[in-house]
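For reference, the sequence and a predicted model appear below.
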Amino acid sequence: MSKFDSSATDSSSICPTKRSLSHYPSPSSSSKRAGAAAASIDPQMKKAKSQAVACSVDDNRNAQQQVSPHNQFSDTPVDTPMIEDDNDSAMEASPSPVAFGRVVGSSGGGVIANLSRKKATPPQPAKKFVIKLIKDKPTLPINFEENTWATLKSAISSIFLKQPTPCDSEVLYQAVGNLCQHGMGGNLYQKIQKECEFYISSALQLLVGQSGDLVVFLSYVEKCWQDFCDQMLMIRGIALLLDRKYVKQTQDVKSLWDMGLQLFRKHLSVASEVENKTVYCILKMIESERLGETVDRTLLSHLLKMFTALGIYAVSFEKPFLDRTSEFYAAEGVKYMQQADVADYLKHVEVRLQDEHDRCLVYLDASTKKPLVATAERQLLERHIYAILDKGSMMLMDGKRVEDLLRMYTLFSRVNAVEPLRQSLSQYIRKTGQSIVLDEEKDKDMVSCLLELKGNIDRIWEESFGKNEAFGNTIKDSFEYLINIRQNRPAELIAKFVDERLRAGNKGTSEEELEGTLDKVLVLFRFIQGKDVFEAFYKKDLAKRLLLGKSAYIDAEKSMITKLKTECGSHFTNKLEGMFKDIELSKEINESFKQSSHARTKLPSGIEMSVHVLTMGYWPTYPPMDVRLPHELNVYQDIFKEFYLSKYHGRRLMWQNSLGHCMLKADFPIGKKELAVSLFQTVVLMLFNDADTLSYEDIKESSGIEDKELRRTLQSLACGKIDTRVLQKTPQGRDVEDNDSFAINQKFSPKFYRIKINAIQMKETVEENTSTTERVFQDRQYQVDAAIVRIMKTRKVLSHTLLITELFQQLKFPIKPADLKKRIESLIDREYLERDKSNPQIYNYLA
């Protein structure tokens with residue numbers, strides 16, 4: 001707070017502060033006249049505002065008076081006030097941009113103003129204040145604008161000429177401010193623009209006809225641009241108040257920086273040689289970099305940022321750049337497709353796309369990234385999609401080249417060309433699979449080859465194609481086509497493959513490995529349309545495994561049944577589950593039989609027999625085969641039959657001799673052996689207890705075995721592997737003839753004590769295969785008949801075409817239209833249907 005001396009002069013100073021304003025009256029010793037208050041403003045306070053002060057006078061001289069300030073702001077100079085006393089004598093006040101109003105105080109009291117809460121001064125004689133405005137206004141110096149511009153022009157010229165400026169920056173800054181304050185900003189802007197245009201034009205003209213070397217010329221252009229930026233920044237710093245006070249308040253006027261860019265762009269287009277040569281040189285440098293040369297990326301970055309700042313990047317550079325890029329990669333794509341294999345070409349494309357991406361990050365504008373990459377993808381990929389697939393997709397899949405296929409899938413995804421790749425995958429699966437399925441010579445290995453193919457395709461799908469759902473559906477459709485392209489045979493072979501894996505004797509296979517194999521086979525099983533064929537053969541093989549004790553793991557057997565039940569429902573596995581129940585129940589019956597009185601009192605000694613009691617509806621149908629059993633076995637069968645029928649009334653037992661097997665003890669010259677043989681083999685061998693040599697006719701008459709089955713039995717005993725030839729055939733040969741004779745092989749000397757010779761039982765005969773297939777077709781006929789009747793019962797009247805269509809939709813196995821027509825004719829003959837009398841192509845249902 002300022003303090004004022006009240007005794008030195010008749011006039012008191014008023015100094016404004018942030019918060020308070022204090023007034024002190026000045027007494028005079030010579031006369032009691034009013035004192036005039038003059039306002040003086042510190043000349044260093046550039047932005048002080050005009051203020052008006054009103055004071056009130058109180059007659060009570062001892063009272064402290066408050067000053068109520070009232071501020072009135074103005075940016076323009078006003079008349080300078082004069083202070084007059086009663087005698088019209090005047091004292092001139094100091095000039096100031098602050099204007100005070102006319103303040104008149106009454107003669108009755110003194111004035112005291114003390115906002116800083118100082119102690120009040122003694123009361124003074126009453127004074128009368130009168131303030132009047134002077135008539136003369138302040139004026140600018142002569143040639144003020146011209147002189148100021150001369151100073152600024154000299155400074156601007158020095159900046160462009162890279163010389164020291166003649167004046168201090170603060171002086172130049174204040175000079176611009178003075179011009180703007182007095183309404184001369186427009187003229188100043190135009191003069192600065194004209195001066196800048198002269199030097200910018202001169203600088204660009206110097207580039208015309210410069211060095212032909214690319215890098216040198218571009219260095220000159222970069223230097224010119226950098227100088228321009230530095231110079232415009234300096235000018236903008238000096239004329240900052242021009243941007244603030246004139247440009248912002250005036251429409252359609254650019255800032256000094258934008259004005260400079262406009263001038264640079266204008267004269268660069270005028271000097272078209274410089275612009276075109278700059279673009280050409282940049283394009284050549286980029287092409288050199290693509291060819292493997294090292295270029296100055298910083299130089300390119302600066303020049304392209306210049307194009308961006310000038311707003312000509314898209315028109316002057318980007319368009320020709322994309323055109324040159326398209327031409328470059330079009331030629332390179334054709335060249336590399338002819339010279340390189342698909343894997344190398346895809347690697348090259350991947351590198352090229354990454355290079356273009358990096359180029360955008362380093363020196364190209366971000367807006368160029370999308371069209372640039374799209375141009376490269378179009379020329380390197382889109383134009384060669386089918387050529388790439390035709391040339392290398394099959395090879396890559398055959399070679400299981402997961403990484404290369406992943407690269408192909410990734411690149412094709414970028415150009416929305418996944419669909420051709422999916423079609424190529426389908427063609428590969430079908431072509432490769434057909435060579436496996438249609439070749440009858442490869443039937444033995446068909447399922448193994450299909451599983452290997454499926455495993456390879458699944459790995460490619462997971463690791464290369466990212467488990468794409470469309471690709472997964474394509475794989476399913478292709479394998480379904482393969483499995484059913486050869487009617488019924490693949491289903492039969494899959495069932496036999498499972499039989500081989502579940503059969504005892506698979507050494508080195510753990511339960512875990514077996515489970516994994518079954519899971520893989522189940523995938524192929526899902527593709528089978530005629531699952532009834534699989535069921536028939538699987539049931540036949542399962543029966544042999546269970547009855548002959550050839551199952552490797554019972555748990556694995558039950559696990560397979562559970563898997564099939566999950567896939568097809570309980571109706572599919574009812575009979576299979578019933579077979580397991582019969583085996584369990586048979587064990588209980590045998591235990592009960594051994595503990596019964598029948599067994600203890602009537603069984604012949606030296607023989608142990610186990611009987612499987614089977615429910616005919618669960619098991620495959622076996623043709624009955626007669627055989628003359630040894631007396632001991634006949635007695636055993638009769639005793640068991642008597643026991644069983646006494647326990648289960650109303651049932652009938654039918655002996656299936658073809659499924660019986662025995663453990664036969666034999667004495668050979670080398671010692672005792674145990675032979676695992678079939679029941680038919682047992683009957684034949686026991687004949688040699690009473691004779692050393694027997695002819696074929698003798699054996700046939702004594703055993704009562706059917707001719708074809710007897711020949712198979714003798715062939716297994718006399719024509720098999722050397723260590724299983726229990727009998728010796730005369731004459732020797734692979735086939736059994738009517739005039740052959742047989743005797744015990746005295747040279748029979750196997751290494752092991754127990755020898756298995758009943759493998760013949762596990763082998764499927766042609767008759768068995770034919771019978772199984774015929775049963776499947778017979779069952780299908782019943783299903784077709786039921787479907788036809790069900791449809792016609794619902795529709796009552798239906799045309800032949802619609803009936804065939806609905807049958808194809810309902811039947812779950814493949815069937816030919818001709819076979820359906822036969823079943824329709826059969827139903828017409830049996831009076832389930834009739835042809836319409838007016839139209840033979842329409843059928844009517846007969847209730």
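Sure, I can see it.

those strands in the stretch 251-400 of the chain, which residues are they?
Counting by DSSP state E, counting those that start in this stretch, the stretch 251-400 of the chain has no strands to list.

centre of the chain versus stretch 180-193, how much separation?
Computed by Cα atoms, centre = their mean, to the nearest Å, the separation of stretch 180-193 from the middle of its chain amounts to 62 Å.

List the buried residues in that stretch.
180, 184-185, 188-189, 191-193 (16 or more other Cβ atoms under 10 Å). Where C-beta positions appear, they are placed from N, C-alpha and C, glycine not excepted.

so can I have CSV of those showing distance to residue 441 and pLDDT?
Shown next, in CSV, are the buried residues of stretch 180-193 (distance: Cβ to Cβ, whole Å; pLDDT from 0 to 100):
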residue, distance to residue 441, pLDDT
180, 101, 91
184, 105, 90
185, 100, 90
188, 100, 93
189, 96, 94
191, 100, 94
192, 95, 94
193, 93, 94
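
Between the residues you listed, which sits nearest residue 401?
Nearest to residue 401 among the buried residues of stretch 180-193 is residue 193, at 66.5 Å by Cβ to Cβ.

how many other residues sit next to residue 363?
Residue 363 has 22 neighbours, counted by other Cβ atoms under 10 Å.

Can you report phi and psi for it?
Residue 363 adopts backbone torsions of phi -140, psi -10, taken as degrees, to the nearest 10.

show me where the chain has strands.
51-54, 68-71, 81-84, 90-92, 130-133, 661-668, 671-678, 693-695, 727-730, 741-744, 754-756, 797-799, 833-835, 842-845 (DSSP state E).

so which of those strands comes closest to residue 812?
Closest among the strands of the chain, using Cβ to Cβ: strand 797-799, at 20.8 Å.

what packs against the closest one?
strand 842-845 (3 or more Cβ pairs under 8 Å, 6 or more residues apart in numbering; DSSP states H and E).

Return the set of buried residues in the strand it packs on.
Buried-residue list, strand 842-845, by 16+ other Cβ under 10 Å: 842-843, 845.

Just the CA coordinates for it, please, in CSV.
Only the C-alpha atoms of strand 842-845 are listed here, as CSV (Å, rounded to 0.1, in the frame of the first residue of the first chain):
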residue,chain,number,x,y,z
ILE,A,842,-50.0,-91.1,-58.1
TYR,A,843,-50.3,-93.6,-55.2
ASN,A,844,-53.3,-94.0,-52.9
TYR,A,845,-53.0,-95.5,-49.4
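
how far out from the middle of the chain is that strand?
On Cα atoms, centre = their mean, the centre of strand 842-845 falls 54 Å from the chain's centre.

go on, stretch 251-270?
48 Å.

out of the buried residues of stretch 180-193, what pair is the most spread apart?
180 and 193 (15.5 Å).

one step back: format the buried residues of stretch 180-193 as TSV; extra columns: distance to residue 503.
Output for the buried residues of stretch 180-193, formatted as TSV (distance: Cβ to Cβ, whole Å):
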residue	distance to residue 503
180	105
184	110
185	104
188	106
189	102
191	106
192	101
193	100
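
would TSV of the buried residues of strand 842-845 with distance to residue 238 and pLDDT be doable?
Formatted as TSV, the buried residues of strand 842-845 follow (distance: Cβ to Cβ, whole Å; pLDDT from 0 to 100):
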residue	distance to residue 238	pLDDT
842	103	90
843	104	90
845	105	88
